[in-house]
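Peer 1: fold the following and give me the result.
(chains A and B)
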Amino acid sequence: MESKTFSYNASEKLKSRKLLNRIFAEGKSINAYPLKVLYLISETTTKQNLAGVGVSSRHFKKAVERNRIKRLLRESYRLNKNILGDAVFENQQLIVFFLFTGKDLSDATLISEKLPLLMQKIVQSIQNKNAN
RNA sequence: CUACAAACCCGAGCUAUCGCUCCAACGCAAGUUGGGGAGGAAAGUCCGGACAGCAAAGGGCAACCCACCGGUUAAUAGCCGGCAUCCUCUUAAACAGGAUAGAGAUAGUGCCACAGAAAAUAACUACCUCCAGCAAUUGGAGGAAAAGGUGAAAAUGUGUGGUAAAAGCACACAGCCUUACAGCGUAAUCUGUAUCGCGGGUAAACCUUGGGUGCUGUAAUGCCAUGUAUAGGAACGUUUGAAGGCGGCUCGUUUGAGUUCCAGGGUAGGCAGCAAGAUCCUGUAAGUAAUUACAGGGCCAGAUAAAUGAUAGUUUAGAAACAGAAUCCGGCUUAUGAGGUUUGUAGUUUU
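Peer 2: Alright, predicted model coming up:
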């Protein structure tokens, strides 16, 4: 378990087209410029959180820039994913999708400080809901 | 040697920690260990192929593309070599270097800014002849492209004859051009002789001539799995042919029992294609070269929301440019930091 703390491999990535459509349709969103996060709690048997990242190709026409941002997002998630930890119940799965809403590549430097902040907000809002 | 320009080469190294993806081995498994992991343009998608499907890929028209010759190649609009024309340099010429949108303007149609009389079946001024008129620097009719000026371009140039004045009107020489013959060359072309002829440019305007192209594009395509429905309604039809295929149209040809619409439902996952190839490196040989042949060696990304990264330190040169594979190759075009190499700007010969 110890070695998996900072991992982010294929089983943790949000891949299913179905789930992606669902999270855009039903997911709740929290903003924190230059980021926006969509999250969703799903009933499941496997307790494994899923995460995905995305950049608008409208604002970033060059593939190099999009790759750069997605890498930074993934890296940030990988280093901070323990914040989410056990926010949800045993038979539930937390699905998150990070969107970069900034319009300039220079905004990407903010990712490393804003992304953990967003994750804490998610945990908070889930706990509030459970308390109610 | 310095500066500028162009072409080509190169496209950052090392250490530590945390990660991603593919392959192999081991393991019941979790996983562990080892190895591979973006580019010269991966880009633009502008050409050319491979491959696949459309029935077996046919004729005509349309559309599009190409346009001196030869070679090269799987193929090309690429590349290599040659020819022609133009430009640079020069008083001039040859060499050298550069460019080419290099079939046809004598098939036809159109267009040619400004200036100019006129931009194409040329008459403004000046010239000549005739008529009118007392005469005039007058008026009218005609001849005439020799002179003037305008323009990027003005009816091939010079001379002589000729004439009222003139004119390729005639002749001589020259230039261009058509055709024929001869010679060098595979050919374009070049040279020579004879000959028809001489009314500009533009085909990157339509067009004509010659040649070529079937269309689509790996989200192609084939297979497996899952799921449903053999539910329901309407129209047309089964040799008296519904509906299609041959992806522009048409001719022709061909399949032959289902097809279309309404309403409703399901799936959207895997495998192949798909990574050993017109392959890369080295050497030898052939060729002016592009390129080819042979020999030896190497295996060098393969994802599917999409891997190749992050942090810290350090070195060069300062926070290292342009930039990210998606079926695969060959080219073209464009972007590109620092450094390096070569070439040119400023060349040679004759007079």
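
Peer 1: can you count the residues close to A:Lys70?
Peer 2: For A:Lys70, the count of nearby residues is 16 (other C-beta atoms under 10 Å). (C-beta placed from N, C-alpha, C; glycine too.)

Peer 1: so what does the helix or strand harbouring A:Leu72 touch, helix or strand wise?
Peer 2: A:Leu72 is part of helix A:63-80, with elements assigned from DSSP states H and E. Judged by 3 or more C-beta pairs under 8 Å, 6 or more residues apart in numbering; DSSP states H and E, the packing partners of helix A:63-80 are strand A:50-55, strand A:92-100, helix A:111-131.

Peer 1: walk me through which strands the second one pairs with, and which way each runs.
Peer 2: Strands adjacent to strand A:92-100 in the sheet, as given by DSSP bridges, are strand A:35-43 (antiparallel), strand A:50-55 (parallel).
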